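Engineer: The sequence and its predicted three-dimensional model are supplied below.
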Amino acid sequence: MSNEVEILLVEDSPEDVELTLRALRRAKIANVIHIAEDGTEALDFIFCRGPHKDRSFYHPPKLVLLDLNLPKIDGLEVLRAVRADERTKAIPVVIFTISKEQRHLIEGYSLGVNAFVQKPVDFEQFGEAIRHIGMFWMLVNQSPPPGALAAHKSAAG
Amino acid sequence: MPHRVEILLVDDSPEDVELTIRALRSSKIVNEIKVAEDGAEALDFLFCRGAYKDRTFEHPPRLVLLDLKLPKVDGLEVLRTIRADERTKAIPVVILTSSKQQGDLIDGYKLGVNAYVQKPVDFVQFGEAIRHIGMFWVLINEAPPPGAFAEGKPGEGKLAETRAQGA
């Protein structure tokens, strides 16, 4: 299947979406990026339902890049839902937010986020951060084997 | 106050330790690297006990870079122990292993590892992978605030016993 989504970008700011896509494309890192503009759409996508009911749990994104302050369902709720289901709990999620609040950082880690990146305000640094996120998560990290977790019932946890 | 260790490197292969440290230092990413050669020493370090009893939970490393096949206590057991204790459960852990077994990959994620990297066999690619790891985890990622998860006061060795999992 040629069209597997590599990054699910959950972001409601058109400017940040644009900057993120541009940085990823320029570094030639990820080709297939799906954008969800709110938490509900992100969950529909991840849980293969609603407009995404033809997707399968066997093709999870390699990375969910998740803003916190989102319409409908906020980012931490999205993270909680992803972690609460055996079929999705191992999907790598990186929070990418302008929030400087320590409680978001603490809650994110408590809920089991893989990493937490604060959005740089500076334009150039924003691009740099995205490039480093992309390099590590697309090129270096091995994501969980698609389907392995969907099939197994919890053995280790 | 002891200097803050940025990376705890848990690896029993002197060659891999050498390569890793060289890659991190050459890109000027990380200065403070602590090496633990087996799983028992890694846990002593993280849990501030034994030879490391003067350390405190308020100064966790920013990253644990963890090999899987280790003397004494293996890597997955180290990970399980870190995740089972409130004081250490949020410390970022990246598995760095030559294992190609899917079982290790799956177990790693099930136990809550932050990321999983297969050691490239090629010398140059190994250095590259380490540099990307360092860039992301030391320069870009915000580590959990030191002390935020340390329930007990420093110096009190009381275990804030594992809470029901699934926060």
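Structural biologist: Right, received. Where do you want to start? Numbers count the residues shown, from 1 in each chain, chains lettered A, B, ... in the order given.
Engineer: Tell me how many other residues surround residue 86.
Structural biologist: Here I'm looking at chain A. Neighbourhood size, A:E86 [other C-beta atoms under 10 Å in any protein chain shown]: 15. C-beta: built from backbone N, CA, C; applies to glycine.
Engineer: Switch to chain B, please.
Structural biologist: Applying the criterion other C-beta under 10 Å, we find 17 residues in the vicinity of B:E86.
Engineer: Equivalent analysis for A:K53, please.
Structural biologist: Neighbours around A:K53, by other C-beta under 10 Å: 10.
Engineer: try A:R26
Structural biologist: Count around A:R26 with other C-beta under 10 Å applied: 11.
Engineer: Could you pull up the residues touching it?
Structural biologist: Applying C-beta atoms under 8 Å, 6 or more residues apart in numbering or on different chains, we find A:R26 in contact with A:G127.
Engineer: Next one: it relative to chain B, how far apart?
Structural biologist: When C-beta to the nearest C-beta, to the nearest Å is applied, the distance between A:R26 and chain B equals 17 Å.
Engineer: that's a strand at B:F57, yeah?
Structural biologist: No - with DSSP: H, G, I helix; E, B strand; the rest coil as the criterion, B:F57 is coil rather than part of a strand.
Engineer: so where does the most centrally placed residue in chain A fall, helix or strand?
Structural biologist: Taking C-alpha atoms, centre = their mean as the criterion, A:V64 is the residue nearest the geometric centre of chain A, at 1.1 Å. Secondary structure assignment for A:V64, by DSSP states H and E: strand A:63-66.
Engineer: neighbouring strands for that strand, and are they parallel or not?
Structural biologist: In the sheet containing strand A:63-66, its partner strands are strand A:7-10 (parallel), strand A:93-97 (parallel), by DSSP bridges.
Engineer: which residues sit against that strand?
Structural biologist: With C-beta under 8 Å, 6+ apart as the test, strand A:63-66 has contacts from A:6-11, A:20, A:42, A:46, A:75, A:78-79, A:82, A:91-96, A:133, A:137-138, A:143.
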